[in-house]
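Q: sequence first, then the predicted structure:
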Amino acid sequence: MPELPEVETVRAGLAAHVRGRTITAVTVYRDRAVRRQAGGATQFESMLIGRTITAVVRRGKFCWLLLSGPDGAGEDYALLAHLGMSGQLLVRAAPGGEHPHLRIRISMHDDGEVWFVDQRTFGYLTVDDLIPTRDGGPGGFAGPDPGPGQSAPSAAVPITPGPGVPHGRQTAAAGSVLPRPVVHIGRDLLDPLLAPGTPGRAGLNRRLRLGRRDLKRALLDQELTSGIGNIYADEALWRARLHYQRRTDRLRPAVVDELLDAATEVMREALVAGGTSFDALYVNVDGTAGYFDRALAVYGRAGQPCPRCGAIIVREAFMNRSSYFCPRCQRRPRRL
DNA sequence: ACTGCGTCCTGGGGGC
DNA sequence: TGCCCCCAGGACGCAG
């Protein structure tokens, strides 16, 4: 399932292939793939044709292409993508070709194409306005002006050891310019403004403990911090030795810090590996798969020994999905 | 205001 | 062999 590392892999692949190219034709094969678009497929197609892709940006699991107008006008709109469960963005060098789950075909002036392929159609594409925000929205970081170093439009912000990770165009007011559906999405853990030791990270730690809910539910809350899905939530909890049902209002700040560090690290490592692929449902823009699934400690490993202590990994239903954990390393809280 | 649950979707796999 | 049910889960909308 595409979570932050998988979407960043796709973003980087897209940026390398489509930046500077102009859209000449758009075909929507399945209306559900543009269900968020005001005006439907017709509006979607007409808003894209003639526009040039100037940058590819990501926050959490959302990825968007900045578009400039036919007359070279400013970047007023973005083509926003969410991959959902099974979405893929594939780049093709030559026109034509088919795929059983091809939902949208975007043709470019040099005969290249971008395909939105999605078996389960939980994902979608939509064209929407770019909204200047002061702090990235309700779940975002409200802090001091990051300074001129952060203000270069769509500049890649190098994060070692992974590839460059842009986090939206920073405005002079310490906010970001975001597609309308992303305004309420919190900054992700690879965002420099949430780096360990920063005021942003401290604020996230505090907001996480403000609520009274199960810890995993908070990790999955995309308004708090975005990009974490079921796989990396379980992996981060295992690394931090925390049970998913620990209640957020009873956690000490230092414990939450360790968990956020663990989540950051596991996603960075996955990014270096090109993401996690269980099957052909998640791939890079060229169709190649990542290999981080081999490094997973607990996710999908029910019945196998914990890599740390040897106890048998358990799978439980939680929030209508699966939670994997080590019953010895991650003790269930006495009080729920 | 805040928390939690139902819903959308499709193909693969297991059981009988 | 065929059929049916379960499973995967991100984000949103709504109920309480």
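A: Cool, the structure landed.
Q: for stretch A:259-269, which outside residues touch it?
A: The contact list for stretch A:259-269 (Cβ atoms under 8 Å, 6 or more residues apart in numbering) reads A:3-5, A:159, A:161-162, A:189-190, A:196, A:201, A:204-205, A:215, A:219, A:225, A:227-228, A:232-233, A:235-237, A:239-240, A:242, A:292, A:295. Where you see a C-beta, it was placed from the backbone N, CA and C, and this is true even at glycine.
Q: what's the PyMOL syntax to select whichever of these are buried?
A: In PyMOL syntax, the buried subset of the contacts of stretch A:259-269 is picked out as below (16 or more other Cβ atoms under 10 Å):
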select buried, chain A and resi 3+4+5+159+162+189+190+201+204+205+215+219+225+227+228+232+233+235+236+237+239+240+242+292
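Q: where helices are concerned, which of the contacts of stretch A:259-269 count?
A: In helices, defined here by DSSP state H, the members of the contacts of stretch A:259-269 are A:4-5, A:201, A:204-205, A:215, A:219, A:232-233, A:235-237, A:239.
Q: thinking again about what came up before, also near DNA strand C: which of the contacts of stretch A:259-269, exactly?
A: Checking those against DNA strand C by Cβ under 7 Å from any atom of the strand, the ones in range are A:Glu3.
Q: hang on, the earlier thing: please produce TSV containing the ones in helices among the contacts of stretch A:259-269, extended by pLDDT and distance to DNA strand B.
A: Listed next are the ones in helices among the contacts of stretch A:259-269 as TSV, based on pLDDT from 0 to 100; distance: Cβ to the nearest atom of the strand, whole Å:
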residue	pLDDT	distance to DNA strand B
A:Leu4	96	20
A:Pro5	94	22
A:Arg201	97	20
A:Leu204	98	14
A:Asn205	98	15
A:Leu215	97	10
A:Leu219	97	12
A:Tyr232	96	19
A:Ala233	97	14
A:Glu235	97	21
A:Ala236	97	18
A:Leu237	98	16
A:Arg239	98	23
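Q: most widely separated two among those residues?
A: Using Cβ to Cβ, the two most remote members of the ones in helices among the contacts of stretch A:259-269 are A:Pro5 and A:Asn205, lying 22.1 Å apart.
Q: spatially central residue in chain A, please.
A: Closest to where the C-alpha atoms of chain A average out (Cα atoms, centre = their mean) is A:Lys61, at 1.8 Å.
Q: paired strands for the strand or helix carrying A:Leu90, with orientation please.
A: Under the criterion of DSSP states H and E, A:Leu90 resides in strand A:87-92. When pairing is defined by DSSP bridges, strand A:87-92 lines up against strand A:113-118 (antiparallel).
Q: after the partner strand, which helix or strand is next?
A: strand A:124-132.
Q: what sits against A:Cys326?
A: Counting by Cβ under 8 Å, 6+ apart, A:Cys326 has contacts A:Trp238, A:Val298, A:Cys306, A:Arg308, A:Cys309, A:Ala311, A:Ile313, A:Val314.
Q: distance check, it against DNA strand C.
A: As judged by Cβ to the nearest atom of the strand, to the nearest Å, A:Cys326 and DNA strand C stand 17 Å apart.
Q: same deal with A:Arg252?
A: 26 Å.
Q: if we ignore the residues flanking it in sequence, what's nearest the residue of the stretch 201-336 of chain A found nearest DNA strand B?
A: As assessed by Cβ to the nearest atom of the strand, DNA strand B sits closest to A:Gly211 within the stretch 201-336 of chain A, at 2.8 Å. Excluding the flanking residues, the one nearest A:Gly211 by Cβ to Cβ, 6 or more residues apart in numbering is A:Thr248, at 5.4 Å.
Q: what of A:Arg207?
A: A:Leu224 (6.1 Å).
Q: that neighbour contacts A:Gly186, correct?
A: Yes - using Cβ atoms under 8 Å, A:Leu224 is in contact with A:Gly186, at 5.3 Å.
Q: residue contacts, the residue in the stretch 151-300 of chain A that DNA strand C sits nearest to?
A: The minimum distance from the stretch 151-300 of chain A to DNA strand C, using Cβ to the nearest atom of the strand, falls at A:Gly229 (3.2 Å). Neighbouring residues of A:Gly229 by Cβ under 8 Å, 6+ apart: A:Met1, A:Pro2, A:Glu3, A:Leu4, A:Lys61, A:Leu220.
Q: any idea how far it lies from A:Gln88?
A: 16 Å (Cβ to Cβ, to the nearest Å).
Q: among the contacts of A:Cys326, name the buried ones.
A: A:Trp238, A:Val298, A:Cys306, A:Ile313, A:Val314.
Q: the stretch 101-250 of chain A against DNA strand C: which residues are in contact?
A: Residues of the stretch 101-250 of chain A lying near DNA strand C (Cβ under 7 Å from any atom of the strand): A:Arg120, A:Phe122, A:Pro181, A:His184, A:Leu220, A:Gln222, A:Ser226, A:Gly229, A:Asn230, A:Ile231.
Q: need the buried ones from the residues you listed selected in ChimeraX.
A: Buried subset of these, written as a ChimeraX selection, criterion 16+ other Cβ under 10 Å:
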select /A:181,184,220,222,226,229,230,231
